[in-house]
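In: below are the sequence and a predicted model; questions follow.
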Amino acid sequence: MKEYMKEGRDTVKMRWCVRKHNQGWSSDKIAAHLRVPRRTAYYWIDKYSDCTKEEMVNRPNKVGVKMDDRTRKFALGLREKHD
């Protein structure tokens, strides 16, 4: 299987986006070519311009919230009460 097929489509697009930006393409042209919103292209360029290929992995920015059982039960009770 080809290497790009093992990775997620977004990761391949991110790498291509940064590579083309480093080659002098404008962010608007990159966004249009990839058919992604301009702010997505700007975000990828800003976040991944200084990364190596191995570091350039699309990971979620949010980490799951940890809460104790008492808080979880309270939150679930509120949800049931207001649904």
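Out: Thanks, I have the structure now.

In: rest of the way, CA atoms for contacts and neighbours
Out: Fine.

In: what about the helices in this structure?
Out: Taking DSSP state H, the helices of the chain run over residues 3-6, 9-22, 27-34, 38-48, 69-82.

In: redo the ones you listed as TSV? Include distance to Val57, mean pLDDT and mean neighbour count.
Out: Shown next, in TSV, are the helices of the chain (distance: least, CA to CA, whole Å; pLDDT from 0 to 100; neighbours: other CA atoms under 10 Å):
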stretch	distance to Val57	mean pLDDT	mean neighbour count
helix 3-6	12	48	9
helix 9-22	6	87	17
helix 27-34	18	93	15
helix 38-48	9	89	16
helix 69-82	32	89	10
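
In: redo the ones you listed as CSV? Include distance to Glu55.
Out: Formatted as CSV, those follow (distance: least, CA to CA, whole Å):
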stretch, distance to Glu55
helix 3-6, 15
helix 9-22, 10
helix 27-34, 21
helix 38-48, 8
helix 69-82, 35
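
In: and the ones you listed: which comes nearest Met56?
Out: With CA to CA as the measure, helix 38-48 is the member of those nearest Met56 (6.3 Å).

In: now for the closest one, which elements pack on it?
Out: On a contact count with 3 or more CA pairs under 8 Å, 6 or more residues apart in numbering; DSSP states H and E, helix 38-48 meets helix 9-22, helix 27-34.

In: and those helices as JSON lines, adding distance to Met56?
Out: Output for the helices and strands packed on helix 38-48, formatted as JSON lines (distance: least, CA to CA, whole Å):
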{"stretch": "helix 9-22", "distance to Met56": "7"}
{"stretch": "helix 27-34", "distance to Met56": "17"}
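
In: nearest to Gly77, out of those?
Out: helix 9-22 (38.0 Å).
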